[in-house]
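*Asks:* what follows is a predicted structure for the sequence shown.
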Amino acid sequence: MKKKILTLAIVGMLSVSLVGCGATKTSSNANAPKDSGAEANIRIGVVSSMTGASALDGELETNGAKLAAEEINAAGGINGRKIELVVEDSRSTNPGTVAAFQKVAGENVVAIVGPIFSTNVKALMPYTDKFKIPVAIGGTNPTITSDANPWIFRFRPSDSISTQVMAKFLQDQYKVKKVAIFNDTDAFGEGGRQGLEAAFKTLGIESKAFEFTSHAGDYTAQLVNIKQYAPDAIATYIPTVEDCGIFLNQAKQMGIDIPIIGSPSLVTANSVELAKKNAEGIFGVTDYFPEQNDTAKAYFKNYKAKFGEDPDIYSSYSYDAVQVIAKVIAKNGDTPQKIQEGLKAFSGWTGAEGEYDFSTNSPFAGDGLHSYSIVTIKDGQQQFVKVVTVK
Amino acid sequence: MTIIIQLLSTGLAIGSIYALVALGVIVIYRAANVVNFAQGDFAMAAAFAATVSATTWHLSYWMAFLFAIIVMVLLGILFELGVYYPLRNRSFLPVIISTIGASILLQNLALAFFGPQPRQVVSPFKIHVVDILGAKIDPQYLLIIAVTALLVLFQFFFFEKTLLGKKMQATAQDKETARLLGIPVTLMIAITFVYSAVLGGAAGVLVAPIFYVTTGMGVIISLKAFAACIVGGFGSITGAIIGGLGIGLIEIFGAAYISAAYKDAFAFGVLALVLLFRPQGIFGEKVSEKA
């Protein structure tokens, strides 16, 4: 009898704790008085990784949305109504994202912002049709929009654009005829290679890929072959910072001094620190850079004033998303259906990430951005060069 | 010709790193009948010791190298006491698993203490490039080849010509008889582990200025080193050295002339071929067990 009671007690405690653990952390917040009557708040959901491996990135995402909501509310809200953010934790995992998405979608929100990681975005995409609420995401994997989901709107440029931007820049700036592509054989690198080869072909530039496997450590073989190929420039898709550093060092050592342009990792503070002098004068693409337009500059100032640190790509997209959604609600109405239709036709506003135009459906429906910033490294710091747009 | 020299210097340098790590594995194997899966992580540990001491105390490359070697001596002793000694009378599988555990522990300790950020070790050379017949060579590669050659010579001299070396060889050949002859077997094995840790550590500090210091750097070197051991003949010291250099050269010439994306495949392809057609390796002896 005693044993039975003990067993039941333990089973009971376990089930209660499991149920308790299952509940996601909710923190609704920012601005707001509870709705009552005609002046009801406009509720926008935010799905970000507040806990787990990407907790830092998730906090940045939420910050961007918060800043936008505050600015809009301070200016009188949307037609007098205030924005209320409903934040759900995705816990940095795919199942967590799906759970957070489903929870927030059931809380009377008219639109949802987030997440930023492509893998999380792809996880929640099968569930969007059930709720029919527009989702503003930050993932850059091209297949997110090529899947033709009518509820997904991308607030960062697709990776298919970064390769076109790199190619166009090389042609405009250096009139290249022949480019060597240096890429990792992983998904990111292969995607970059395919994009670059297609982009160069369209522009009539000859190209050849020289590949390596992640963390290969030594690129003498590839560099020897690149030297023999005698290109006018090198375009890189290297995911890790240390591979970027080693590549730049070894390239300079072997006397390669043609222009080098790379995916964002090449020009991050960390890889520049590793390569030191050998990173001077290289180029890279990035989707958020404070100097790239007026909204970006103002955003930099306001974000820093409110949160005490520099903003980056993790918060700029969510800031833009809330701003754009507010504009669409003001113009088209506040039901999810009307917001979706409004977003599909939205164009003409320049956010922190760049100029938005969803109406061209290019590269696919749901892609609103068509430009990247080119930055170069001078004296060990990123320096803005220009914005390149691809329509 | 320029290209050949370029590729040759890189191939010999990287091959030397594989050879040093492979040598460490074989030396332990001969003495204690243990395959040390944490050998590559010795390289990683030494590299971290070097970079941390260089940045914290502003040591020159050589002083940091010395510091790293001292750390490796201590690590070798700890390793022997913690990983090998408690299991020394068990069959060789539990010990191997113990070394795998040590490998995982070392990598994660490094991650916990030093974080995921790659670190630097500043090269000791003022000039960054040496021009040999048109080939532009990093002087660090030449240093690696030179130090490895010295270590191999030292190894040969030590083991063949000194009394301590001969005692260690005796222990490796037959523990029981060595014991009967009054050789302190446990001490010999401990010294072997320390020697092996120092070899692995030297490889790590030599390669650090080129590859940067990351917690995973030992893993890739380990794999190729094991392949080198098997290709050279598992258990043969000459085999480990020739195997290491051979794999380093095959990799780079294969990457340059056939396909860079399949660079790793060349090393393991050779391994597969050797296992198929000459499983005892180049210098190994055919071992058959009588019923």
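*Replies:* Received the coordinates, thanks.
*Asks:* residue A:252: neighbour count?
*Replies:* Residue A:252 has 19 neighbouring residues, counting by other Cβ atoms under 10 Å in any protein chain shown. From N, CA and C alone the C-beta is placed, and that goes for glycine too.
*Asks:* tell me if it really is in a strand.
*Replies:* No. Looking at residue A:252 with DSSP: H, G, I helix; E, B strand; the rest coil, it is helix, so not inside a strand.
*Asks:* dump the residue contacts of the nearest residue to residue A:313 once chain neighbours are set aside.
*Replies:* Leaving aside its chain neighbours, residue A:313 sits nearest to residue A:288 (4.6 Å; criterion: Cβ to Cβ, 6 or more residues apart in numbering or on different chains). Neighbouring residues of residue A:288 by Cβ atoms under 8 Å, 6 or more residues apart in numbering or on different chains: A:296, A:311-313, A:316-317, A:352-353, A:373.
*Asks:* residues of the stretch 101-250 of chain A that sit close to chain B?
*Replies:* Counting by Cβ under 8 Å from any Cβ of the partner chain, the stretch 101-250 of chain A comes close to chain B at A:185, A:210-213, A:215-218, A:220-222, A:224-225, A:228, A:241-242, A:245-246, A:249-250.
*Asks:* what's the ChimeraX line that selects buried ones from those residues?
*Replies:* In ChimeraX syntax, the buried subset of these is picked out as below (16 or more other Cβ atoms under 10 Å in any protein chain shown):
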select /A:185,210,211,212,213,215,216,217,218,220,221,222,224,225,241,242,245,246,249,250
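*Asks:* returning to what we had before: would you turn the contacts of residue A:288 into TSV with neighbour count?
*Replies:* Output for the contacts of residue A:288, formatted as TSV (neighbours: other Cβ atoms under 10 Å in any protein chain shown):
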residue	neighbour count
A:296	25
A:311	24
A:312	17
A:313	21
A:316	29
A:317	29
A:352	30
A:353	29
A:373	24
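*Asks:* which of these lies closest to chain B?
*Replies:* For the contacts of residue A:288, the minimum distance to chain B (Cβ to the nearest Cβ) is 17.2 Å, reached by residue A:312.
*Asks:* am I right that the closest one is in contact with residue A:60?
*Replies:* Yes. Using Cβ atoms under 8 Å, residue A:312 is in contact with residue A:60, at 7.0 Å.
*Asks:* helix or strand right after the helix ranked longest in chain B?
*Replies:* Determined from DSSP state H, the single longest helix within chain B is helix B:2-32. Using DSSP states H and E, the helix or strand that directly follows helix B:2-32 along the chain is helix B:39-57.
*Asks:* so after the least confident helix or strand in chain A by mean pLDDT, what's the next helix or strand?
*Replies:* In chain A, the helix or strand scored least confidently by mean pLDDT, DSSP states H and E is strand A:26-28, which has a mean of 42. Next along the chain after strand A:26-28, taking DSSP H and E as the criterion, comes strand A:42-48.
*Asks:* so where do the helices sit in the stretch 201-350 of chain A?
*Replies:* For the stretch 201-350 of chain A, the helices defined by DSSP state H, counting those that start in this stretch cover A:220-229, A:241-253, A:269-275, A:294-307, A:313-332, A:336-344.
*Asks:* would a markdown table of the ones you listed with mean pLDDT be doable?
*Replies:* Formatted as a markdown table, the helices of the stretch 201-350 of chain A follow (pLDDT from 0 to 100):
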| stretch | mean pLDDT |
| --- | --- |
| helix A:220-229 | 92 |
| helix A:241-253 | 89 |
| helix A:269-275 | 82 |
| helix A:294-307 | 93 |
| helix A:313-332 | 93 |
| helix A:336-344 | 94 |
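*Asks:* how does chain A divide into domains?
*Replies:* Chain A is divided into the following domains under automatic domain parsing: A:39-157+A:293-359, A:160-286+A:373-389.
*Asks:* what residue ranges in the stretch 51-200 of chain A score low on pLDDT?
*Replies:* A:52-53 (pLDDT under 70).
*Asks:* now the helices: where do they sit in it?
*Replies:* In the stretch 51-200 of chain A, the segments counted as helices under DSSP H, counting those that start in this stretch are A:55-74, A:94-105, A:118-124, A:128-131, A:143-146, A:159-174, A:187-202.
*Asks:* likewise for the stretch 151-291 of chain B?
*Replies:* Using DSSP H, counting those that start in this stretch, helices in the stretch 151-291 of chain B cover B:163-173, B:175-180, B:185-211, B:217-232, B:237-257, B:263-277.
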